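[1] this is a predicted model, with the sequence first.
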Amino acid sequence: MADSLASLRTLAELKRIQEGLTGREINVDQLTKDFLAFSQFNPDKTLNVKVPKLYPIEGDEIKHFQEFLDKAGIDAKSPKAIGIGGAFSCRDVEDYLVFASLNQLKADPFDNTRYQFAPLFEKVFTDGALLIRDFALNEVLFGKFYAKRGDLDLRKAALKPRTFVKGPYTLGVTLDTPSESVAKIIKFRKTLDEMIAEPKRFLLDVSKVDALTDTAIKLRQKIGSPSRYNTPESNTFDVMVNSICLRNNGDSYFFLYNPREQKNVLVYFGNPLFRGDTPKESELTILDGEDHQETLKRLVELGFFKPNQTVLEQRIRDVQKIHDVTVNASNKEINQQEHEDFFRLKDKLETARAVMDRKDERTQRDYALQQPAEILEFMISPTVSDAVIDELHPMLSWNSAIRIYHQTNRFKKQFVDEDEEGRKNMIRAVTSNLMLTNYQNNDVNLWIYNNYKALAESTGVKFKIFGIIPADTSTSS
């Protein structure tokens, strides 16, 4: 009890100090304008472009991949190259995993959204290596990925919301070929085993003998002799994960699980997944991603983010660098009255540093939760390394330009709808704030490079390329 009272007194004291140092709260709109004004003096407007290493689709694989597209009802031509899970610049493929060769393992995920499948890719290429080796000679293997919480299909969770119970998620896929060769050969071997076990009873059933013979003939015509194939015990692969992101017609649903706190969270962007009945709040906390300030605070409370002194120190250095570069380039001091929100930010960050330097984790967390979004963001980091949380984090930024920049399809649509000056302003808004974030959106950067390179460079942007950009790598879709 004494420790708790002491902690409360400390927080109250720190809050009074902060209010004395900084006065009123920061005007976020004005702070954004300050950063934009200072950015004209920043010579380093660099967009990093990491070119994913892709697997080339060549020879018979072109026909094999086209067979998959036709089977799936996807109106597209076989691509020249794919990522590790079979993705390319066709949005209709985003729910599928496609494997044309074991050599796909050397490829990168096609875009940011595919990094969440890394554990499943590892499972498939480990446990399904023989399956891919044997069947990919004649057809690609593919399947729609599924996401579950227990036995509940997350895509259909709105139909049975009350059956959602807390716990980790299952991410999986069942692989087969366009002609369903895997399922057929599993069934063929099972029937053959039954015949060997009870030959007399089996041979008396003419329909079973005819069916087995017909299956064997069709398999031989498509893939050669079935005896050459290792019969898989299962063509289904799954892994347990703490996060999954589902996407549907522009809406995004980030399902998170904190095993330490045993808390499940859904952060959604766009239409809510549950529009009537919802899961019990004790089983699933639902947060609106557009309410970014409240959502980020709740994620700190629930243990998905935590105060990080290293992050805070870096942000303080970044803000000081913006100040110093502006002063040196303009050859005059920054007018504190004109840019009072910028100096208020500096003061608040210094106050936060005092807390982080000398207080325990609980006090740091409680203090962080008292801060407005623009300060909170500068002093926290994800509790664990997680591709889905890393994707979500900048989408909750206090800065609207950064939030839109990290919603790739939304950014592209808005960018295309703008005139030339509007597009330049969008690029300026992004680059003026990139110094204050660890995250760049590689999908957007690569898209701008491939489609609007000259326009971006006219605003002072420089591109730093990692990898080799082919002449026909446009990802404008």
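    That came through, no problem.

[2] by contact count, what packs against the host helix or strand of residue 132?
    Element membership for residue 132 (DSSP states H and E) is helix 129-135. Here helix 129-135 touches strand 141-149, helix 181-197, going by 3 or more C-beta pairs under 8 Å, 6 or more residues apart in numbering; DSSP states H and E. Backbone N, C-alpha and C define where each C-beta goes, glycine included.

[3] what residues does it touch?
    Residues outside helix 129-135 that contact it (C-beta atoms under 8 Å, 6 or more residues apart in numbering): 99, 101-102, 124-125, 141, 175, 177, 181-182, 223, 228-230, 232, 235.

[4] pull out the buried members of those residues.
    Buried by 16 or more other C-beta atoms under 10 Å: 99, 101, 124-125, 141, 175, 177, 181-182, 223, 229, 232, 235, out of the contacts of helix 129-135.

[5] among those residues, which are in helices?
    Judged by DSSP state H, the buried ones among the contacts of helix 129-135 include 124-125, 181-182, 223 as members of helices.

[6] with the residues you listed in mind, which one is nearest to residue 81?
    residue 125 (18.2 Å; C-beta to C-beta).

[7] is the residue nearest to that closest one when sequence neighbours are not counted in a helix, a strand, or coil?
    Nearest residue to residue 125 in three dimensions, chain neighbours excluded: residue 105, at 5.0 Å (C-beta to C-beta, 6 or more residues apart in numbering). Under DSSP: H, G, I helix; E, B strand; the rest coil, residue 105 falls in the helix class.

[8] surely residue 105 touches residue 99?
    No - shown here, residue 105 and residue 99 do not form a contact pair, counting by C-beta atoms under 8 Å, at 9.4 Å.

[9] next, count neighbours for the residue lying closest to residue 144 once chain neighbours are set aside.
    Spatially, and ignoring its direct neighbours in sequence, residue 144 is nearest to residue 95 (5.1 Å; C-beta to C-beta, 6+ apart). When neighbours are counted by other C-beta atoms under 10 Å, residue 95 registers 15.

[10] then residue 412?
    So residue 412, with other C-beta under 10 Å, has 18 neighbours.

[11] name the nearest residue to it, sequence neighbours excluded.
    Nearest residue to residue 412 in three dimensions, chain neighbours excluded: residue 447, at 6.5 Å (C-beta to C-beta, 6+ apart).

[12] mind listing what's buried along the helix or strand encompassing that neighbour?
    Element membership for residue 447 (DSSP H and E) is helix 442-457. Residues of helix 442-457 classed as buried: 442-450, 452, 456 (neighbour count, 16+ other C-beta under 10 Å).

[13] what is the nearest of these to residue 377?
    Among these, and counting by C-beta to C-beta, the member closest to residue 377 is residue 444, at 19.6 Å.

[14] my read: the closest one touches residue 409, true?
    No - counting by C-beta under 8 Å, residue 409 is not a contact partner of residue 444; they are 9.9 Å apart.

[15] coming back round to it: just give me the closest of the buried residues of helix 442-457 to residue 152.
    Nearest member of the buried residues of helix 442-457 to residue 152, counting by C-beta to C-beta, is residue 443, at 30.2 Å.

[16] from memory that closest one sits against residue 409, does it?
    No - using C-beta under 8 Å as the test, residue 443 is too far from residue 409 to be in contact (9.3 Å).

[17] parallel or antiparallel, list what pairs with the helix or strand following the helix holding residue 447.
    Using DSSP H and E, the helix or strand that follows helix 442-457 in sequence is strand 462-466. Strands that pair with strand 462-466, judged by DSSP bridges, come out as strand 46-50 (parallel).

[18] ok, and for the partner strand, which residues are buried?
    For strand 46-50, a neighbour-count test (16+ other C-beta under 10 Å) marks 46-47, 49 as buried.
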